[in-house]
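In: Everything below, folded, please.
(2 chains)
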Number of protein chains: 2
Amino acid sequence: MDASPTNSEIDTAAQTSGQLSISALPGIPLVNPGDDIGSIICDGLLRCGITLQDGDILVLAQKIVSKSEDRYAALDSVTPSPAAIELAKEVGKDSRLVELILSESRGVVRKRKGVLIVEHNLGIVMANAGIDSSNVEPLGGATEDDAKQQVLLLPKDPDGSCQFLRDSLREKTGADVAVIINDSVGRAWRNGTVGMAIGTAGIDALLDLNGRHDLFDRPLQATQVGLADELAAAASIVMGQADEGRPAVHIRGYAVQTGQGNAQDLIRAQEQDLFR
Amino acid sequence: MDASPTNSEIDTAAQTSGQLSISALPGIPLVNPGDDIGSIICDGLLRCGITLQDGDILVLAQKIVSKSEDRYAALDSVTPSPAAIELAKEVGKDSRLVELILSESRGVVRKRKGVLIVEHNLGIVMANAGIDSSNVEPLGGATEDDAKQQVLLLPKDPDGSCQFLRDSLREKTGADVAVIINDSVGRAWRNGTVGMAIGTAGIDALLDLNGRHDLFDRPLQATQVGLADELAAAASIVMGQADEGRPAVHIRGYAVQTGQGNAQDLIRAQEQDLFR
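Out: Numbers count the residues shown, from 1 in each chain, chains lettered A, B, ... in the order given. Next up, the predicted model:
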């Protein structure tokens, strides 16, 4: 007999029914700087007949949030530093892009020909500081060369963007929902990108199972789950990576109770990380 | 004009409708060595009224597959080598457990007090070679000390186990489904475990988007998606980690067309990995 919470007590805090329904919102238009993502989401929900409920989760692709926040950068306007020029030669990338990557980052984690992995200013370890030009409108012309001229940076404060959207959706619909911004990122040791949470609000991004027990009533050994990353990956499946045009996903069934954490909780502190 | 496939041609090969339904199968019993997982899944599907269809996906927790394959190891029967004894002291773990971890592994990737990250014989980089004792029946007594005596190893050939189950389900139901075995694993750089695919059959675990274009008809930059890992993470959300007893999950909506790959495709070759 001890005072630690029982599973049924913890179950009331955050639990899934065992059923999730994951829906890409149809008809989301190309997003422009200054667009109101909250309204765009509401229109998408209306289009597929979903009425937002408390505990629902919305996952948004990084690209549409960055576009709405005008996080475009034109390569032509970038003057690479000598360090960026040198690094660009080493990894075989455009020196103006490398300048942007470095200015978005705390430091280089690994580099080799064609690969530049950095610690983003947000703390996230990722290739190219999350900058790329897929699904970014070309500037001026439509040739591939032109298309390379404009790139998109991550939102400045993704957790803040999520909180803003969460507040906006509550105002518009009355529903208390969680919001996650996801991005497709590469990983150590494994091939292929997976959806990962770069911003969250209204959910315990890192779920702490401390106090939970296993089927045989023993304390769990691993007690932290990257819940928002799992939700980000799940949404990524229906978003697609190419021309699907499905950057907003609704998830129902997890029954989120308002959590206090954010996506920063998912970032391992450098001194505890054996791979930086 | 070139001869590369158009998106609509590729869409017919593997595509999602934009809607996924993820259901943990109810009433899955504790699994014992020799149990027929295929029958257990069919019973679970019946219980929740799901009729298996071509293109459905089943995700099974590593633990129930390992149990059915009798991958138990009793620590009492393990004699640690001198190397295991030394390493056990260094990382502060049971030397018999360390002996098992080493025998399941190709080598140690990182170690520090409390942490032992290895390259499993399957090629997967993970802590403790995936061996643990959560949700593993205690041997003999019910005290925590007894509980530590029995641990569970990963299936010997998870891709093979998936293929076996896929064949078994086709025989029982006529449906051509994909099967994934998932496990909760830790990651570089990030806190919290996420569901990851350790075995697959009937699906392109690593989805190649080569030939696909973005919204502006330009070739994609990142062309490989860790699809089976994303599905494994999605299933993990409804499985839970503790005493939920939901180790089998049905996913509908991805519309898998029979893929040829397996979970080995998800493992980055050592010479291409910057973090080993």
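In: Could you use CA atoms for every contact and neighbour count after this?
Out: OK.
In: mind checking the SS state of the most centrally placed residue in chain A?
Out: With distances taken as CA atoms, centre = their mean, A:Asn182 lies nearest the centre of chain A, 2.3 Å away. Assigned with DSSP: H, G, I helix; E, B strand; the rest coil, A:Asn182 falls in the strand class.
In: Any idea what it is bridged to?
Out: A:Ala61, A:Ala197 (DSSP bridges).
In: Can you give me the pLDDT of it?
Out: In the predicted model, A:Asn182 carries a pLDDT score of 98.
In: in the stretch 1-150 of chain A, which spans are strands?
Out: In the stretch 1-150 of chain A, the strands defined using DSSP state E, counting those that start in this stretch lie at A:19-24, A:57-61, A:72-74, A:105-112, A:115-120, A:125-127, A:150-152.
In: outside of the longest one, which residues touch it?
Out: When contacts are taken as CA atoms under 8 Å, 6 or more residues apart in numbering or on different chains, the neighbours of strand A:105-112 outside the stretch itself are A:90-91, A:102, A:116-123, A:125, A:129, A:276, B:274.
In: Out of these, which comes closest to B:Asp36?
Out: B:Leu274 (40.8 Å; CA to CA).
In: Let me know whether the closest one touches A:Ala188 as I believe.
Out: Yes: taking CA atoms under 8 Å as the definition, B:Leu274 is a contact partner of A:Ala188 at 7.4 Å.
In: hang on, the earlier thing: tell me the least confident of the contacts of strand A:105-112?
Out: Out of the contacts of strand A:105-112, that is A:Arg276, at 87.
In: Count the residues that sit near the spatially closest residue to that residue that is not a sequence neighbour.
Out: Using CA to CA, 6 or more residues apart in numbering or on different chains and skipping residues adjacent in sequence, the residue nearest A:Arg276 is A:Val109, 6.0 Å away. If you count neighbours by other CA atoms under 10 Å in any protein chain shown, A:Val109 ends up with 17.
In: Name the nearest residue to A:Ala234, sequence neighbours excluded.
Out: Spatial nearest neighbour of A:Ala234, chain neighbours left out: B:Ala234 (4.6 Å); criterion: CA to CA, 6+ apart.
In: which helices and strands does the helix or strand containing the one you found pack with?
Out: According to DSSP states H and E, B:Ala234 maps onto helix B:227-239. Secondary-structure packing of helix B:227-239 (3 or more CA pairs under 8 Å, 6 or more residues apart in numbering or on different chains; DSSP states H and E): strand A:194-201, helix A:227-239, strand B:19-24, strand B:178-185, strand B:194-201, strand B:248-252.
In: now with 7 Å?
Out: When contacts are defined as 3 or more CA pairs under 7 Å, 6 or more residues apart in numbering or on different chains; DSSP states H and E, helix B:227-239 sits against helix A:227-239, strand B:19-24, strand B:194-201.
In: Throw those into a markdown table and include mean neighbour count, distance to A:Leu154 and mean pLDDT, thanks.
Out: Formatted as a markdown table, the helices and strands packed on helix B:227-239 follow (neighbours: other CA atoms under 10 Å in any protein chain shown; distance: least, CA to CA, whole Å; pLDDT from 0 to 100):
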| stretch | mean neighbour count | distance to A:Leu154 | mean pLDDT |
| --- | --- | --- | --- |
| helix A:227-239 | 30 | 16 | 97 |
| strand B:19-24 | 23 | 27 | 96 |
| strand B:194-201 | 29 | 23 | 98 |
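In: need the ones you listed in TSV with distance to A:His250, can you?
Out: TSV is the format used below for those (distance: least, CA to CA, whole Å):
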stretch	distance to A:His250
helix A:227-239	8
strand B:19-24	9
strand B:194-201	20
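In: quick one on the thing from earlier: against A:Gly44, how distant is the residue nearest to A:Arg276?
Out: To A:Gly44, A:Val109 is 39 Å away according to CA to CA, to the nearest Å.
In: how about the residues of the stretch 1-150 of chain A near chain B?
Out: Contact residues (CA under 7 Å from any CA of the partner chain) of the stretch 1-150 of chain A with chain B: A:16, A:18-24, A:110, A:125, A:134-135, A:137, A:144.
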